[in-house]
Every structure is written in C-alpha cells, then in structure tokens.
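Asker: what's the 3D shape of this:
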Amino acid sequence: MLSVEDWAEIRRLHRSERLPIKAIARVMGISRNTVRSALAADGPPKYQRAKAGSIVDPYEPRIRELLRQFPTMPATVIAERIGWDHSIRVLSGRIAELRPVYLPPDPASRTTYLPGEIAQCDFWFPPITLPVDHGQSRTPTKLPVLTMTCGYSRWLSAVLVPTRGAEDLFAGWWQLIHNLGAVPRVLVWDGEGAVGRRRHRKTELTGH
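Answerer: Residues are numbered from 1 along each chain as shown. Reported below is the predicted structural model:
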C-alpha cells in the first residue's frame, strides 16, 4: 500500500514540479496506475498500524487533533498536551508517521536529479508570425520548436523543426542529443502522439 509520504511526494511532483505521470512513476519507481490513483484520491491513504495493540493507539485521535491545528508542533510538546508518560521514542515514531498528512506543501522544495538521469522533452510554439518564401508566413501552430531540458544541469536546448511528425521529431531529437554529447538515461515526453499513445488504458510507443 502507498505510504502517506509517497502520496504527498507524488502530489508535490505533479503540482509544484509539474512532472507528468510517466516521469513521476520513473522517479519514484512505481507504476503509472499507482500515480494516477494517488492524484485522483480525495485524501491521503489511511494510516495502517505497524502492529496491533500499540500503547499510542488510544492517544491517536488527540494527536491528530493537535497536528491538524499545529502541524509543526514538536513531539515533546504533544507529549505534554496529551499527558504522555511512556517512552518518548514510541510516541515520536507515531507522530512522524502522521505529521506529513497535515503539513502544507513546501513551495520552495525542489526535486533533485543525478547527472545524466533524466531530460524532459516537449514542443514550444513561439508567439510570432514568421515570413517565409513567396510572400507566405507561418503562424505559431506551424512553428514547432523541439526542446530538451536536463533535470540535473537545467541545460536547455532547442531546435526548430518543420512539423510535429515522427520523421521531423526524431531528426530534431537526434540533433539535440548529438549537441548535448550524451544520452540521458530517461527521456520524458508528456502525451506526444509521435512518441506514444494511450490505448485501452495503456501507453504504447508509436511504431515507425
């Protein structure tokens, strides 16, 4: 079962980092369906006790009430508020498991990557009209710029390609990789038809 910490991290990656489901699944080493379920859930997964009969169990409702009002309240203060007279280590362990549910997302938090681990690929359409030969011009929808951003270095590269078709996409993709001088371990796309399509609730690579 998905832990509360993993549930919170999935939602942070999706909302703050704006990573697609496919990238989150790879980064966290879980299935895409698990990611989708976490994003669709109305709330965090219910806490599952590690073992039955813990001495903390009778105090849990009061602990949750305090965390709901004061998410960062130290365990020692909670112990005083609930009249805890047992081992602080046992209480601290339960509080550490419950606290992430009540903590607000950190807007300054960032996901870190290893060098060469991942690169995000996408199309950008510059908001311009470009004159071409014979008095014609191209609007933004006909000016696809293929971009690739490395997760670790934030190195951004781009190339203007004729169309979003597979032939032009892969030719431009190869140029970006060649200019980078290395191939990232994971190349992430978000629903690009020339790379893969959703069919029968499964993502399939497009054949070329």
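Asker: Tell me the residue in this structure that is farthest from the middle.
Answerer: What lies farthest from the middle of the chain is His134; by C-alpha atoms, centre = their mean that is 45.9 Å.
Asker: That one looks like it's in a strand, true?
Answerer: No: counting by DSSP: H, G, I helix; E, B strand; the rest coil, one finds His134 to be helix, located in no strand.
Asker: how far away is it from Gly181?
Answerer: From His134 over to Gly181 the distance is 38 Å, taken as C-beta to C-beta, to the nearest Å. (Each C-beta comes from the backbone N, C-alpha and C, glycine too.)
Asker: And for Pro131?
Answerer: 34 Å.
Asker: do Ala158 as well
Answerer: Look at Ala158 and Gly181: by C-beta to C-beta, they are 16 Å apart.
Asker: Neighbour count for those two, which is higher?
Answerer: It is Ala158, of Ala158 and Gly181, that has more neighbours when counted by other C-beta atoms under 10 Å, with 16 against 6.
Asker: Assign a three-state SS to the more buried one, would you?
Answerer: strand.
Asker: That one - nearest residue in space that isn't next to it in sequence?
Answerer: In this structure, Ala158 finds its nearest non-sequential neighbour in Thr147, 4.5 Å apart by C-beta to C-beta, 6 or more residues apart in numbering.
Asker: Was I right to think that neighbour contacts Asp122?
Answerer: Yes: the pair Thr147 / Asp122 is scored as a contact, 5.4 Å apart, by C-beta atoms under 8 Å.
Asker: In contact with Gln120: list those residues for me.
Answerer: Neighbouring residues of Gln120 by C-beta atoms under 8 Å, 6 or more residues apart in numbering: Leu19, Ala23, Met148, Thr149, Gly151, Val188.
Asker: Asp133 - how many residues pack around it?
Answerer: When neighbours are counted by other C-beta under 10 Å, Asp133 comes out with 5.
Asker: let me redo that: Gly172
Answerer: Using other C-beta under 10 Å, the number of residues around Gly172 comes to 23.
Asker: Now name the helix or strand holding it.
Answerer: Element membership of Gly172 [criterion: DSSP states H and E] is helix 166-180.
Asker: Counting by contacts, list what the helix or strand just after that helix packs against.
Answerer: Per DSSP H and E, the first helix or strand lying C-terminal to helix 166-180 is strand 186-188. Other helices and strands packing on strand 186-188, by 3 or more C-beta pairs under 8 Å, 6 or more residues apart in numbering; DSSP states H and E, are helix 21-28, strand 118-124.
Asker: got those as JSON lines, with distance to Thr72 columns?
Answerer: As requested, the helices and strands packed on strand 186-188 are exported to JSON lines (distance: least, C-beta to C-beta, whole Å):
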{"stretch": "helix 21-28", "distance to Thr72": "25"}
{"stretch": "strand 118-124", "distance to Thr72": "32"}
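Asker: Need the ones you listed in CSV (columns: distance to Ile63 and mean pLDDT).
Answerer: Formatted as CSV, these follow (distance: least, C-beta to C-beta, whole Å; pLDDT from 0 to 100):
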stretch, distance to Ile63, mean pLDDT
helix 21-28, 28, 85
strand 118-124, 38, 91
